[in-house]
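Enquirer: Provided below are the primary sequence and the corresponding predicted coordinates.
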Amino acid sequence: MAVTFTDNQITVSANNSFSPLSRTKLLVVLAIIALIVALSFVHIGAWLVLPFAGLEILAFGFAFYYIGLHMHDVETITIVEDMVVIETKGYQKNGRTEFNRYWAQVNLRKQQNGAHALFIGSHGKEVEFGRGFINEEQRVSIAKELKLILKK
């Protein structure tokens, strides 16, 4: 996943390895392969394979559509003077949370699945950061970096 550090901002976003055109091309290739295989089975009398090939193509199409919806999701932490601003921008999910820099705390908490989750909070209010974007090592790195920045 993409993590960008600047002087006063940390940005995490999804790793978009496919452009919309590449996804479309891949879907067309998968559809052609599925239809060739399905039509081969229809030719030998197994016609019931054809509807399932259609369902397979629809499932791939839906998966690529879903990926496209979340292609521009991003989370940022901006530290400006005495404020820590956490912004979430995504498909139907935009949010902004502000904490006082001097009261903000950074916590790494172990979840039930064994992985850590990164929380930033103050006065009983917390926000999880980078949930679907960053791996375990990146969470630990960001937590250390944030703790150093907030101490300044």
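Expert: Perfect, I can see it now. Numbers count the residues shown, from 1 in each chain.

Enquirer: what does the longest helix that the chain contains contact?
Expert: Ranked by residue count and defined by DSSP state H, the top helix of the chain is helix 20-43. The contact list for helix 20-43 (C-beta atoms under 8 Å, 6 or more residues apart in numbering) reads 18, 47, 49-50, 52-54, 56-57, 60-61, 64, 67-68, 71. Glycine gets a C-beta too; all of them are placed from N, C-alpha and C.

Enquirer: buried ones in it?
Expert: Buried residues in helix 20-43, counting neighbours by 16 or more other C-beta atoms under 10 Å, are found at 23, 27, 31, 34-35, 38.

Enquirer: out of the contacts of helix 20-43, list just those in helices.
Expert: Among those, the members falling in helices (DSSP H) are 49-50, 52-54, 56-57, 60-61, 64, 67-68.

Enquirer: save those residues as CSV, and put in neighbour count too.
Expert: Output for those, formatted as CSV (neighbours: other C-beta atoms under 10 Å):
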residue, neighbour count
Val49, 16
Leu50, 16
Phe52, 12
Ala53, 19
Gly54, 14
Glu56, 16
Ile57, 19
Phe60, 16
Gly61, 15
Phe64, 18
Ile67, 14
Gly68, 16
